[in-house]
Every structure is written in structure tokens, then in C-alpha cells.
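Novice: sharing a model prediction with you, sequence too.
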Amino acid sequence: MPPRAQTKHALRLERQQQQWARNEITRLQAERHALVEALKGTTAAHKALVETLERIETDSGRWQSPGASSAGSYADGVKEEMERVERQIKECHRRWDELGEEIEEKHVEIAFGGSGGD
């Protein structure tokens, strides 16, 4: 292959790799946006659970009947749900960080003409 053709081919490959990296950045940013929306919903659910638990704890001081034990188990259920939501929030934050790192790597690939893929 003549040198000019080799150069054209190399430039074409580099452009394809950069386009792939840009597409990957767009995909990762969309995933990150979806993660933000999920986190907002999870945070709202967590806040509602906290408010419910606080209300139960306040009311439980007034409940001095056999039904108090069922209220306690309900409160335990709410606490378990809060713990589950907190785990989801932590996972969302972990994934957010991962996506940020991946986006940063793709920007570096574009800037420095990296390989464009693993």
C-alpha cells in the first residue's frame, strides 16, 4: 500500500475510533443521567420512609396495648426497607463514580487519539 493510502487509512481508522469514543461518551452520559433520576426517586423514597419511621416512633410511645408489638414489627419492616434503600443509594453513588471515570477515559482517548476500544 502506497504511503499516501496508508496515511488515509490510518486517518480513517483514527476518526472511526474517535467517533466510537464520542458515541461511548454519549451512551455513558445517558446512563449517568438515568442514574441521577433513579437516585432522585430513591432519595425521595428514603425521605418518606424516614418520615414514616419517625411518625411510628412518636406514636409508639402512645401505644400501650397488645397491638404495640405489631407496630414494633411494622417499624422493624420500615427500618429494613430504609436499609435496603440506603444500599441502593450507595450502589447508585458507586456506579456514578464508575461512569465518571469511564467518561473521563473516553475524553482522554479522544484528546490523545487512544485505541478507541478495549
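Specialist: Nice, thanks for sending it over.

Novice: so what does the host helix or strand of residue 86 touch, helix or strand wise?
Specialist: Under the assignment given by DSSP states H and E, the secondary-structure element containing residue 86 is helix 68-112. Under the contact criterion of 3 or more Cβ pairs under 8 Å, 6 or more residues apart in numbering; DSSP states H and E, helix 68-112 touches helix 3-60. From N, CA and C alone the C-beta is placed, and that goes for glycine too.

Novice: just give me how far the helix it packs on sits from the chain centre.
Specialist: Centre-to-centre, helix 3-60 and its host chain are 6 Å apart (Cα atoms, centre = their mean, to the nearest Å).

Novice: any stretches of the chain with poor pLDDT?
Specialist: Within the chain, the ranges that satisfy pLDDT under 70 run 60-72, 114-118.

Novice: residue 13 versus the spatially most distant residue from the centre of the chain, what's the distance?
Specialist: Of all residues in the chain, the one whose C-alpha sits farthest from the chain's mean C-alpha position, using Cα atoms, centre = their mean, is residue 2 at 48.8 Å. Here the criterion is Cβ to Cβ, to the nearest Å. By it, residue 2 lies 17 Å from residue 13.

Novice: for residue 76, same thing?
Specialist: Using Cβ to Cβ, we find residue 76 at a distance of 60 Å from residue 13.

Novice: repeat for residue 52
Specialist: Separation of residue 52 from residue 13 (Cβ to Cβ): 58 Å.

Novice: those two: which is more packed in?
Specialist: Higher neighbour count among residue 52 and residue 13: residue 52, with 15 against 11, using other Cβ atoms under 10 Å.

Novice: isn't the more buried one up against residue 78?
Specialist: Yes: under the criterion of Cβ atoms under 8 Å, residue 52 is in contact with residue 78, at a separation of 5.8 Å.

Novice: neighbours of residue 34, how many?
Specialist: Counted with other Cβ under 10 Å, residues neighbouring residue 34 total 11.

Novice: before we move on, what about residue 106?
Specialist: Here the number of neighbours of residue 106 (other Cβ under 10 Å) works out to 23.

Novice: ok, it - contacts?
Specialist: 21-22, 24-25, 28 (Cβ atoms under 8 Å, 6 or more residues apart in numbering).
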